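In: Fold the following.
(one chain, ligands or ions: 1)
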Amino acid sequence: MSSLRNHRVVIASLFLPNTAVFGEVATSTPDHVTSLPDFKSAPPTTRPSLLSKKSRPLASIVEDLKSRAASPAATPRSESVNPFGEFPGLNTPNKGVAESFLGSVAAAVNGKAVDGAKKAHQTTHGPNTQTRVQRRMSRSTAHRTSSRSLSSTRQDTFSHSAAWHVEPNPHCNGGLKNAVASVKTRLRKKLWVGTLGANTDSFKESLKRNMEWRLREEQDSLPVWIPDAEFASCYDEFCHQVLWPCLHYAVPDAPKTKSFYESASYKQYVAANQRFADAIVAAYQDGDIIWVNDYHLMLLPQMLRAKLPNAPIGFFLHVAFPSSEIFRCLSVRSQLLDGVLGADLIGFQTANHARHFRQTVSRILSAEALPKGIQLEDRFVDVGVFPMGIDVQSMNEKRRDPEVAEWVKALKQRYAGMKLIVGRDKLDEIQGVRHKILAFEQFLTRHPEYQGKVVLIQVALQTTEENELQGSVSEVVSHINSKFSTLTYQPLVFLHTQDLTFNQYLALLTVADAFIVTSLREGMALRTHEFVECQEGRHRPLILSEFTGSYSYSGFRSCISINPWDRRGTAAAMYQALTMGEDEAKSRWEDLHNHVITQSAQAFITSFLVRCLRANIEHMQNDTKAVAELDVSRILPRYKHSQTRLLLVDFEGTIWLRDPAALALRGEFEIPQEAIASLSKLAEDPRNEVWLLSGLQVKGALEKIAAIAPKIGIVAENGCFIKTRSDRHGEAGWVNMVANFNLTWKGACLEILNYFSERTPGSFIEEREASIVWRYWTGSEDDKSADRQWARRQAAEAQNHVFDSLGERYGLRIIPGQNSFLVLPNNISRSTAVGAILNPAGPAHSHAHAPGGPAWISADAMDLEDATHVDFVLAISKDEKLMRRLNDLDNAETVSTGNRGTDAEWNLKPEEVLPVLNRFAETK
Ligand SMILES: O=P(O)(O)OC[C@H]1O[C@H](O[C@H]2O[C@H](CO)[C@@H](O)[C@H](O)[C@H]2O)[C@H](O)[C@@H](O)[C@@H]1O
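Out: Predicted coordinates:
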């Protein structure tokens, strides 16, 4: 982390952590209020107990019902006695919130006045029985109407003389804000770049300058000004209705309502991203690390890279990333992928999301996806997994607030004898609240003994109106409350986050008998981590969807897992949670807790930023390193004076420049006699060990070469087979490096590829011993015809099929080429073969490996420390992985014959290879 101290971190996030609010009211600095957004902020400087000694009687059931007198459902005046007696009063600045909160929870136990025909689901006072479950306001629309927002109407204009103050921005990603705060002593210099989350068209320029100045001075924040209509289209439409569902595995079909055009909203998304880019470029200083957050800003890394070619840029996706089968349906899929690939490092919450991303890039952009990232034409982009966590220490401090204890007491009193299941989600389709409620209905139906005794308290996070409508929560809430409510009981309570303070929420988590998340997909689900910490004294269980990021971590497997689509299973999980014995609950909680404290916010932020910096340094070294044309005269002296030399030379594309497809298809092969003769001459020298590296199979070309050049070692099929050099007794043989591998995948793979071959004219399969190549195009590489496009699409589909059905099961990897792709076992490569060659106990040095002998593969095969007996290594190859590995050796000269960016020390055109080999061969 020490290296981070010297850098300023520019944090780009759609919303700033703090925003500006008009009015003179002096509020506390953001540090004094809860840093978790969306909850009603605690009041200013003084924070007297909400439940002060001057208690006011608790609203009785009669009062509770009276307060809904405006409702058409008449309330019986002579209600039964409130079973909960006295409740402390609310004589505090947060009175409104407290009333709302208690009103809501009270309603659950006090029973509802119901319209004979149709019971309502209202849980708090208000004239309209629909309001509690209806959405409040989306982030963009909220600010067009909210009195707390910066601009109240479009007609108002605000100049620099308008009074304003700072408050926490309820729209900012709470997890991110907390994570940054958790390392504030170590992350000394930072600059947040984002929007205020308010309509700002009516601001005069003078006001904007005034805000910019103060926010920069006081909050380390730089506001980005986005016109209101542009913001709404970008955020409410493109982000929430196109990207959000798709990234959470829903096939894009927006706009369902035809209320907007995807292409138009994408334009606004581009424009909004460009405004961020302009603001950051203007503020950028040498040494800054730029950290771009989340799906709202997927184009920003590339826009920044265009202007700041050397800047360290990290992109972290907080939400999920779907399989390529889903992502490829997006009309702007390539633009979005190109956008994020401007970063040095792309981070994901889970290994699955990262894998999906790599596969998607490989299939849509035809770039090479390696385990550590993406090899583009001109540079490498790191891809990593950085699970988000919570700041446990800060959370525990908040939990220790006496006010939380008072609320716990109050809630216990209010819900005495009842069980509480708590949840907090957006009301859209993705977070599965509808599924949750229907499962709760099933639970109450299957376990009637719990009717009247269990309440589901659902805290609702606001999202876009359209998304909430699609979530269809409202109708099921009405349905379940009308089905099970009695005079003294309502099964389902809805609260909006604005209805309760964070302390109240913490109290709710503390008294909960279970917490439930039914997301159909989710990036992480940090609210479950908060619940676990709040349960320190009680250890009640977590019911968690298998489709959340949190569940993908083994520590969280001690939850009660559910498939949210399985209503019966979810209902059973509710029963299991409420009836679980203390010992089992404690043991499960301990696992969950251990995970929460290990996967902390601090660990997340430190590892992401350090890796981003390191990746940038590596990339810059590679990019700025002018790779010189090989100057043989600089190398020859070392060669001359060395005693043990290893010479590695690629076959295809380096000394053999013919089309491998023609060889596979028609068996057309002519030995490149001059090159083989030159290598053989080199191999005559007892100080030299000469190896030919090839992806071709043994049969055919390589067999023929082996016959005429017995002193050359050969690596076939990218490392699946190795032919040792013949020794002085003339012994040599092919060693099968994959003899112990399960190759049964080949049958299934061929079946898939046959299917695609039938549909792709001119394509064919090249089956090798332990690998398979599908050559989907045999025409010109520059062909832009529809036929080639079709073939490329088929190739993408075929890769998907092979990887999804066989990849993980058999440990396979797919290497895309220009017009073909190769499927082979994961742990086989030219560089593992070279590791095996260097190993003194390996196939190149031991006679135990006679032809047809046992397989040789060693766990140490990758270990280049074995290279101590070699004092000169020359590698002429296109294999970048091999180049990188050999660069770790002091005595290696790496020479690339590829035509794109390389990590090798030298470049060499393939046509120049033979003259170079000859010069070595002539040197004594
Ligand atoms: O609704 P948006 O403004 O588009 O924001 C998206 C959501 O961001 C946050 O959740 C995401 O990040 C969390 C922390 O990394 C992660 O736990 C969660 O799974 C992600 O979805 C935020 O907490 C949500 O309220 C926003 O909806």
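In: shaky segments in the chain?
Out: Residues of the chain that meet the criterion pLDDT under 70 lie in 1-3, 25-160, 254-260, 371, 622-625, 726-732, 842-868.
In: now the spatially most central residue of it, nearest residue through space, not along the chain?
Out: Centroid-nearest residue in the chain: residue 348, 2.5 Å away (criterion: CA atoms, centre = their mean). Counting by CB to CB, 6 or more residues apart in numbering, residue 354 is the residue found nearest to residue 348 once chain neighbours are left out, at 4.2 Å. Every C-beta, even on glycine, is put in place using the N, C-alpha and C of the backbone.
In: Which helix or which strand is home to the one you found?
Out: helix 351-365 (DSSP states H and E).
In: Report whether that helix contacts the ligand.
Out: No: counting by CB under 6 Å from any ligand atom, the ligand has no neighbours in helix 351-365; the shortest distance is 10.9 Å.
In: Buried residues, that helix. List them.
Out: 352-365 (16 or more other CB atoms under 10 Å).
In: re earlier: for the residue nearest to the centre of the chain, give me its contacts.
Out: For residue 348, the contact set (CB atoms under 8 Å, 6 or more residues apart in numbering) comprises 316, 317, 321, 354, 357, 383, 384, 385, 386.
In: For the ligand, what's the nearest residue on the stretch 301-450 of the chain?
Out: residue 318 (3.3 Å; CB to the nearest ligand atom).
In: Residue 265 versus that residue, what's the distance?
Out: Distance, residue 318 to residue 265, using CB to CB, to the nearest Å: 21 Å.
In: out of those two, which sits in the more crowded spot?
Out: Between residue 318 and residue 265, residue 265 has the larger neighbour count (other CB atoms under 10 Å), namely 25 against 22.
In: so that one makes contact with residue 231?
Out: No: contact criterion CB atoms under 8 Å: residue 265 and residue 231 do not qualify, at 11.2 Å.
In: circling back: which one of the contacts of residue 348 sits closest to residue 327?
Out: Taking CB to CB as the measure, residue 327 lies nearest residue 321 of those, at 7.4 Å.
In: how far away is that closest one from residue 650?
Out: 35 Å.
In: Likewise for residue 415?
Out: For residue 415, the distance to residue 650 - CB to CB - is 72 Å.
In: again with residue 285
Out: 44 Å.
In: More neighbours: which of the two?
Out: Between residue 285 and residue 650, residue 650 has the larger neighbour count (other CB under 10 Å), namely 26 against 10.
In: which ones are touching the residue nearest to that one when sequence neighbours are not counted?
Out: Spatial nearest neighbour of residue 650, chain neighbours left out: residue 877 (4.3 Å); criterion: CB to CB, 6+ apart. Residue 877 makes contact with 648, 649, 650, 654, 693, 830, 883, 894, 895, 896, 897, 904, according to CB under 8 Å, 6+ apart.
In: between these, which is nearest residue 443?
Out: residue 830 (57.5 Å).
In: Enumerate every residue touching that closest one.
Out: Residue 830 touches 693, 715, 718, 719, 877, 879, 881, 882, counting by CB under 8 Å, 6+ apart.
In: How many neighbouring residues does residue 382 have?
Out: 21.
In: Make sure it is indeed in a helix.
Out: No: assessed by DSSP: H, G, I helix; E, B strand; the rest coil, residue 382 does not belong to a helix; its assignment is strand.
In: any idea how far residue 541 is from it?
Out: 38 Å.
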